[in-house]
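In: need coordinates for the following:
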Amino acid sequence: MPLRWCLSAICAKVLGLPYDHALDIWSVGCCLFELYTGKVLFPGPSNNDMVKLHMELKGPFPKKMLKKAAFRDQHFDQDYNFCAIEEDPVTKKMVKRVLANVKPLDVGALISSSCTVDEDSKMVVNFKDLLDKIFILDPDKRLTVSQALSHPFITGK
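Out: Next up, the predicted model:
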């Protein structure tokens, strides 16, 4: 299985969180996005980049999740601000930069940029809604398998 399809599993592993069915739902969302757009949703080259890309899609991780994360100190400071590890453009050395506010993107805008004029707008709206419900960082609030199977995008209703 390609690495990008298992990003939530990687993110859980990187943060030290347990695996469950909610991870599979996230992975299905990644597959659906990539099949629809032909683009990789999370093209990060490192674990730190993957965590940052997750937050750029849906905002900061809930603190209750980070409190349970065994490896949060590798990516977050004591106030749960994300610490990006980036190459300094001048010195070319890796530096840590604290990002206190990570503003999320709109998954709908990512989808819309791949739409053609003749696509069924109701289906596109349903697809955006499905992905919004799949890409919720808190696995307790993420769409369940049963909910996904009854979603209008899947049922066509």
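In: confirm for me that H21 is in contact with V145.
Out: Yes: using C-beta atoms under 8 Å, H21 is in contact with V145, at 6.2 Å. For glycine as for every other residue, the C-beta is placed from the backbone atoms N, C-alpha and C.
In: quick one: the residue nearest the centre of the chain from D138, how far?
Out: Central residue of the chain (C-alpha atoms, centre = their mean): H54, 3.6 Å from the mean position. Distance from H54 to D138, counting by C-beta to C-beta, to the nearest Å: 12 Å.
In: against which helices or strands is the longest helix along the chain packed?
Out: Counting by DSSP state H, the longest helix found in the chain is helix 21-37. In terms of contacts (3 or more C-beta pairs under 8 Å, 6 or more residues apart in numbering; DSSP states H and E), helix 21-37 is packed against helix 7-15, helix 107-112, helix 121-134, helix 145-149.
In: lowest-confidence stretch among the ones you listed?
Out: Among the helices and strands packed on helix 21-37, helix 7-15 carries the lowest mean pLDDT, a mean of 65.
In: quick one: stretch 134-143 to chain centroid distance?
Out: In terms of C-alpha atoms, centre = their mean, to the nearest Å, the centre of stretch 134-143 is found 10 Å from the chain centre.
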